[in-house]
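Undergrad: task: produce atomic coordinates for the following.
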Amino acid sequence: MQVKLVPDAAQASAIERTLHAANEAANRVSADTFAHCGLKASVKELRSRCYGELKDAGFGAQAAQHVIKRVADAYTTLRANIKAGNLGAPKSKRRRKAESKPVRFRPDAAHTFDDRCLSWNYDAQTVSIWTLDGRIKNVPFACSPDALKQLTEHRQGESDLVERDGKLYLVATIDIDEPEPFEPVGWIGVDRGITNLATTSDADNHSGRRLERYRRWRARKKAELQAKRTRSAKQLLKKRARHEARHATHINHKISKNVVAVAQRTGRGLALEQLDGIRERVTVRRDQRARQSSWPFHQLGSFIAYKARRAGVPYLEVDPAYTSQRCPRCGHTERANRPDRDRFQCRRCGLAGPADVVAAVNIAKRAATAWVFVDMPDPVPA
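TA: Residues are numbered from 1 along each chain as shown. Next up, the predicted model:
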């Protein structure tokens, strides 16, 4: 849950200085870690090497521990990504670059505060936060009434302080119990795509021409700014990129909320296709490459997944193989069943319709089959 801090000038100066100092300290700890331990950094070893230095720099005990843990967690994540192959082969440029230098933290990167460093007053909508200039009390925060209610009832554990575009935010962890999923009377398949961001087996398309015009306009403006190659153009590009990311998140939230609401109202489950590795697996035309890479399809799927869990709607991901080429009526699968991007026409039985809707229907059918095996009780040993 994200809330916006509304400090006065003195409070903002102290909080920003603390955040920047914490990230500078994390960079020093990271450089020392890389020089002496390489990528194999543990919290215990970092604590023995750097705790005293952080205390001498003015950090309290808990703040110093959080700086050390952030650095250790960053190296743990880096090792996991290397092991999983997310940074490429051993000799790839991206992997060699990641392994050749210490992890760096941006000056405005998120820093962790626990309940010893940060306390909340929900009635007054203020927080008390530790800084290098001492404890600062009565720092106002702003959020919606629904967000405040969730914070009051479900906030747990640590919160992150982050700065974006000169504004300060607190990202709090909330722990909400998930209801048990109900037994679905059917399934809604959701096919994600480039032209239609989401198409359901009920033939509901979520995107529309207005969004497509907006994305084309953004692409033209981006190209114009990139051609200038000036410092101000680069700054404006970064600002526009953040604006576009927020717009995409807003659209994905609207789509996922609509899809989950329909499933909950009709007592059906939701099924999506697995999109792991889609950029390496799927080839598209040159004019669609940027569009495929720019839209956060994985984010849309994650939004649908967590909203479904909160509503108690059953959720499954199924194998996407041949969902756009398989006939949902007779089962005939052939590339020629899809003569172009928008149309499906079975070469055997003649079934025809929008290709995205046919794919969504196939996804729903696969989910119904998979749910039978998910719901089956474990065999009783003899």
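Undergrad: where does Glu163 land on pLDDT?
TA: The model reports Glu163 with a pLDDT of 93.
Undergrad: please identify the buried residues of stretch 46-63?
TA: Using 16 or more other C-beta atoms under 10 Å as the test for burial, stretch 46-63 gives Leu46, Arg47, Arg49, Cys50, Tyr51, Leu54, Phe59, Gly60, Gln62, Ala63. Backbone N, C-alpha and C define where each C-beta goes, glycine included.
Undergrad: mind checking how far that stretch is from the chain centre?
TA: 32 Å (C-alpha atoms, centre = their mean, to the nearest Å).
Undergrad: just the C-alphas of it, formatted as CSV.
TA: Only the C-alpha atoms of stretch 46-63 are listed here, as CSV (Å, rounded to 0.1, in the frame of the first residue of the first chain):
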residue,chain,number,x,y,z
LEU,A,46,28.9,-7.7,6.3
ARG,A,47,27.8,-7.0,9.8
SER,A,48,31.3,-7.8,11.2
ARG,A,49,32.9,-5.7,8.5
CYS,A,50,30.7,-2.6,8.2
TYR,A,51,28.4,-2.3,11.3
GLY,A,52,30.9,-0.1,13.2
GLU,A,53,31.6,2.1,10.2
LEU,A,54,27.8,2.7,9.8
LYS,A,55,27.4,3.6,13.5
ASP,A,56,30.2,6.1,13.3
ALA,A,57,28.5,7.7,10.3
GLY,A,58,25.5,8.5,12.4
PHE,A,59,23.2,5.6,11.7
GLY,A,60,21.2,4.0,14.5
ALA,A,61,21.4,0.3,15.3
GLN,A,62,18.3,-0.6,13.3
ALA,A,63,19.1,1.7,10.4
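Undergrad: can you list contacts of it?
TA: Applying C-beta atoms under 8 Å, 6 or more residues apart in numbering, the contact partners of stretch 46-63 are 21-22, 25, 28-29, 32-33, 36, 64-65, 67-68, 71-72, 114, 116-117, 130, 132.
Undergrad: repeat that for stretch 331-343.
TA: 195, 322, 324-327, 344-349, 352-356.
Undergrad: ok so, going back, ok, of the contacts of stretch 46-63, which come out buried?
TA: Among the contacts of stretch 46-63, the ones that count as buried by 16+ other C-beta under 10 Å are 21-22, 25, 28-29, 32-33, 64-65, 67-68, 71-72, 117, 130, 132.
Undergrad: can you map out the helices along the stretch 51-200 of the chain?
TA: 61-84, 93-99, 145-154 (DSSP state H, counting those that start in this stretch).
Undergrad: of these, flag the one that's most buried.
TA: Ranked by mean neighbour count, those are led by helix 61-84 with a mean of 18 (mean count of other C-beta atoms under 10 Å).
Undergrad: quick one: distance of it to the chain centre.
TA: Counting by C-alpha atoms, centre = their mean, helix 61-84 is centred 19 Å from the centre of its parent chain.
Undergrad: show me which of the buried residues of stretch 46-63 is closest to Val313.
TA: Gln62 (39.8 Å; C-beta to C-beta).
Undergrad: Arg47 versus that closest one, what's the distance?
TA: 13 Å (C-beta to C-beta, to the nearest Å).
Undergrad: and Lys238, by the same measure?
TA: Distance from Lys238 to Arg47, by C-beta to C-beta: 36 Å.
Undergrad: same check on Thr76?
TA: Distance, Thr76 to Arg47, by C-beta to C-beta: 15 Å.
Undergrad: element containing the closest residue to Tyr315 other than its chain neighbours, please.
TA: Distance criterion C-beta to C-beta, 6 or more residues apart in numbering; nearest residue to Tyr315, sequence neighbours excluded, is Ala308 at 4.2 Å. Secondary structure assignment for Ala308, by DSSP states H and E: helix 297-311.
Undergrad: any idea how far the residue nearest to Tyr315 lies from Leu270?
TA: 5 Å.
Undergrad: of the two, which one has the most company?
TA: Taking neighbours as other C-beta atoms under 10 Å, Ala308 and Leu270 compare with Leu270 leading, 29 against 23.
Undergrad: in the strand or helix carrying that one, what counts as buried?
TA: Per DSSP H and E: Leu270 is located in strand 269-273. Neighbour-count burial for strand 269-273, counted by 16+ other C-beta under 10 Å, picks out Gly269, Leu270, Ala271, Leu272, Glu273.
Undergrad: which residues touch the closest residue in space to Arg366 that isn't next to it in sequence?
TA: Take Arg366 and drop its neighbours on the chain: the residue closest to it by C-beta to C-beta, 6+ apart is Val318, 4.1 Å away. Val318 makes contact with Ala271, Leu272, Glu273, Gln274, Ile363, Arg366, Ala367, Ala370 under the criterion C-beta under 8 Å, 6+ apart.
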